[in-house]
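Asks: Sequence and predicted structure below; questions after.
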Amino acid sequence: MTMTPWTPYCGPAPDPVDVLGRWNGDPVLLVALGFFIAAGVFLTMKRRPGSPFLLGAAGVLVLVFISPLCALSSALFTARTLHHLLLLLAAAPLLALGLPRLRAPRLALATAVQAVVFWAWHAPDLYAAALSNDLVYWVMQLTILGSAVWFWAAVRASNAAAAVAGLLAAMLLMGLLGALILFAGQPLYSPHFATTLAWGMTPLEDQQAAGLIMWAPAAAAYLLVALWRISGLFSGGEAARPA
């Protein structure tokens, strides 16, 4: 294993002793999130539809980028996976619910783009690049979040049959990526080769835990939403919408 000194955006990998004090104080990010939260509060006070979802999304973004989870993701691939899944499965659907409904969902394309983006950033070389350059890091974050917002907005705007198909495709693709990472048999993500032992895991064990999270609970999240859409269809609670 090659031990390269990494300088991720969230800072050096923390030890268990100091991780709770590692909050991100990036002034540019704090100002941007502050404006976002202020806009959400203003729209909520104006009783604009969907504004509470925007505030919920802001809360998730604070957790992901400001809280100690940001620093922990420099140490553990498992934490980085949770970070990405919070963008994918929490911030993105909340943003999609807070924005106007799409008129032309193009769900198949949105599903494919989300999968390509997420898989690409979990290729070892691209992943390593994102943890060694702030610009690449933010390209990773914004493309993961943006493609996921498009996917969830397309799911929201599609009829039940199309939405279920897109959700099941996303579930299979997430599960497949998780399985590939889980059963890789060797550590793949060099930024974490020297950072996991302080947390009681080898790099391979850390990687396997992350793959398991993708393979099971993350993939299951898409399945649960698909089942919810199916239940609405059979109960008559969802009016048919054009795909």
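Replies: Now that the structure is in, tell me what you want to look at.
Asks: Secondary structure element holding residue 53?
Replies: Using DSSP states H and E, residue 53 maps to helix 51-65.
Asks: Please work out the angle formed by the directions of the helix or strand containing residue 155 and helix 51-65.
Replies: Here residue 155, judged by DSSP H and E, is contained in helix 134-157. Interaxial angle of helix 134-157 relative to helix 51-65 (axes from the mean of the first three to the mean of the last three Cα atoms, to 10 degrees): 150 degrees.
Asks: What about the closest residue in space to residue 164 that isn't next to it in sequence, how many residues nearby?
Replies: Excluding the flanking residues, the one nearest residue 164 by Cβ to Cβ, 6 or more residues apart in numbering is residue 226, at 4.7 Å. In short, each C-beta sits where N, CA and C put it, glycine included. For residue 226, the neighbour count with other Cβ atoms under 10 Å is 21.
Asks: Which of the three states applies to residue 226?
Replies: helix (DSSP: H, G, I helix; E, B strand; the rest coil).
Asks: dump the residue contacts of it.
Replies: Residues counted as contacts of residue 226 (Cβ atoms under 8 Å, 6 or more residues apart in numbering) are 163-164, 167-168, 171.
Asks: how much space between the closest residue to residue 206 other than its chain neighbours and residue 122?
Replies: Among residues not flanking residue 206 along the chain, residue 196 sits closest, at 4.4 Å (Cβ to Cβ, 6+ apart). From residue 196 across to residue 122, the span is 17 Å (Cβ to Cβ, to the nearest Å).
Asks: First-to-last residue distance for stretch 190-208?
Replies: 14 Å (Cα to Cα, to the nearest Å).
Asks: Stretch 147-167 now?
Replies: One end of stretch 147-167 to the other measures 14 Å (Cα to Cα).
Asks: List the buried residues in that stretch.
Replies: Judged by neighbour count using 16 or more other Cβ atoms under 10 Å, the buried positions of stretch 147-167 are 147-160, 162-167.
Asks: now that stretch: how far from the chain's centre is it?
Replies: Relative to the centre of its chain, stretch 147-167 is centred 16 Å away, using Cα atoms, centre = their mean, to the nearest Å.
Asks: Stretch 63-82 too?
Replies: Chain-centre distance of stretch 63-82: 11 Å, with Cα atoms, centre = their mean.
Asks: just stretch 75-91 next, same as before
Replies: On the basis of Cα atoms, centre = their mean, stretch 75-91 sits 5 Å off its chain's mean C-alpha point.
Asks: Name the residues of that stretch that come out as buried.
Replies: Neighbour counts over stretch 75-91 (16+ other Cβ under 10 Å) mark 75-91 as buried.
Asks: Take the residues you listed and keep only those in helices.
Replies: The helices, defined by DSSP state H, take in 75, 77-86 from the buried residues of stretch 75-91.
Asks: Including pLDDT and distance to residue 42, could those go into a markdown table?
Replies: Below are those laid out as a markdown table (pLDDT from 0 to 100; distance: Cβ to Cβ, whole Å):
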| residue | pLDDT | distance to residue 42 |
| --- | --- | --- |
| 75 | 95 | 37 |
| 77 | 97 | 38 |
| 78 | 97 | 37 |
| 79 | 97 | 33 |
| 80 | 97 | 33 |
| 81 | 97 | 34 |
| 82 | 97 | 31 |
| 83 | 97 | 28 |
| 84 | 97 | 30 |
| 85 | 97 | 30 |
| 86 | 98 | 25 |
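Asks: where are the low-confidence patches of this structure?
Replies: In the predicted model of the chain, residues 1-6, 233-243 satisfy pLDDT under 70.
Asks: Next, count neighbours for residue 93.
Replies: Residue 93, neighbours per other Cβ under 10 Å, totals 23.
Asks: any idea how far residue 115 is from it?
Replies: 16 Å.
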